[in-house]
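**Student:** Give the three-dimensional model of this entry:
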Amino acid sequence: MATRISQLLNQSLPTLRYEPTAKRVRANLGGQPVLDTTRALLLWEPRRIVPIYAVPEADVLAELAESRAEVAGAPEEAQVLTPDDAFALHTAAGTAMDVRVPGHTLEAAAFRLADPDLPGIVLLDFRAFDWLEEDQPILAHPRDPFHRIDIVPSSRHVRVEFEGMHLADSAHPVVLFETHLPPRYYLPRADVAWDALLATARTSQCPYKGTANYWALASGGREVAWSYPDSLPESAAIAGLVAFYNERTDVIVDGHRLARPDSPFR
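**Tutor:** Numbering: from 1, shown residues only. Model prediction:
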């Protein structure tokens, strides 16, 4: 019987998953070293969709102490946990730890796992520290070795609407295909109806693409579009182009209106 690989990956979501990485991984806090290891694991707690670094406690250079901070577990109704969900929403068994370097104490910024298959392994809050893979800074979260991005130019005709209102129209899209997400159609800025959009103050970071800024409808409501003005080098083909949420707008490709996908961004 044939098995779809994405279904296998989805079936593993409720479990504690890990994968060793050969990269040298370092973290710093205020210029002071917190860890330095060549034995890091990429680790996904149950229901987490992106990995976090877990390392042998012996490779942590900062002081670790059992935390007295109140740490709430993830709510049962949360089917998935995204990078926007707090590190403290743990779904694996373990103990919250404070991280101390001279002049700084970060409460519950580490988590000592209780899993018998991963003895002596500690997770660290990615957002609390500055991280390097080898000598390269990384953004948002560690890169997932099972996650891929392909960026290709296209001659498809793409039109974007919201409740009949024109937002964009282009015959020169660049299509970004990303694991577990719908295709994203990045359009030239000249093909966007800017009078229908209003820039927001929010930014976000992606370890594959860089730092994004956003636009909402000028008439009010949620954000519907984004752009990477200074993308990472490997995503240079989308730098400055504008993409719209397929989940929140009507994207029409070669005359066919796409169904709004079910994703964490709906």
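
**Student:** Which positions in stretch 68-76 come out as buried?
**Tutor:** Val71, Ala74 (16 or more other CB atoms under 10 Å). Yep, even glycine has a C-beta here, placed from its N, CA and C like the rest.

**Student:** Quick one: end-to-end distance for that stretch.
**Tutor:** Taking CA to CA, to the nearest Å as the measure, stretch 68-76 stretches 23 Å from start to finish.

**Student:** The chain: helices as residue ranges?
**Tutor:** For the chain, the helices defined by DSSP state H cover 5-11.

**Student:** any idea how it splits into domains?
**Tutor:** 17-137, 149-257 (automatic domain parsing).

**Student:** how far does the longest one sit from the chain's center?
**Tutor:** Meaning domain 17-137. 16 Å (CA atoms, centre = their mean, to the nearest Å).

**Student:** Which parts of the stretch 151-266 of the chain are strands?
**Tutor:** 158-162, 165-170, 174-178, 184-187, 197-206, 210-217, 223-227, 242-244, 250-253, 256-257 (DSSP state E, counting those that start in this stretch).

**Student:** State the distance from Ser170 to Pro153.
**Tutor:** Separation of Ser170 from Pro153 (CB to CB, to the nearest Å) stands at 12 Å.

**Student:** quick one: which of the two has more around it?
**Tutor:** More crowded of Ser170 and Pro153, by other CB atoms under 10 Å: Ser170, with 21 against 10.

**Student:** Who does that one form a beta bridge with?
**Tutor:** When assigned by DSSP bridges, Ser170 has beta-bridge partners Val158.

**Student:** wait, isn't it in contact with His157?
**Tutor:** Yes: under the criterion of CB atoms under 8 Å, Ser170 makes contact with His157 at 7.5 Å.

**Student:** Show me what Ala54 bridges to in the sheet.
**Tutor:** Leu41, Leu123.

**Student:** Tell me, how many residues neighbour Glu57?
**Tutor:** 15.

**Student:** quick one: contacts for it?
**Tutor:** Leu64, Arg112, Gly120, Ile121, Val122 (CB atoms under 8 Å, 6 or more residues apart in numbering).

**Student:** before we move on, the earlier item: what is in contact with Ser170 and Pro153 at once?
**Tutor:** Contacts common to Ser170 and Pro153, judged by CB under 8 Å, 6+ apart, are absent.

**Student:** burial of Leu113, as a residue count?
**Tutor:** Other residues close to Leu113 by other CB under 10 Å number 24.

**Student:** Relative to Tyr245, how far out is it?
**Tutor:** From Leu113 to Tyr245 the distance is 35 Å (CB to CB).

**Student:** So which residue is dead centre in this protein?
**Tutor:** Pro83 (5.1 Å; CA atoms, centre = their mean).

**Student:** ok, now which ones touch the closest residue to Phe162 other than its chain neighbours?
**Tutor:** Leaving aside its chain neighbours, Phe162 sits nearest to Thr249 (5.0 Å; criterion: CB to CB, 6 or more residues apart in numbering). Contacts for Thr249 (CB under 8 Å, 6+ apart) come out as Val160, Glu161, Phe162, Leu167, Val224.

**Student:** any idea which of the residues you listed has the most stuff around it?
**Tutor:** Busiest of the contacts of Thr249 [other CB under 10 Å] is Val160, holding 28 neighbours.

**Student:** Now for that residue: which residues touch it?
**Tutor:** Neighbours of Val160 in contact, by CB under 8 Å, 6+ apart: His166, Leu167, Ala168, Asp169, Tyr185, Leu187, Phe244, Thr249, Asp250, Val251, Ile252.
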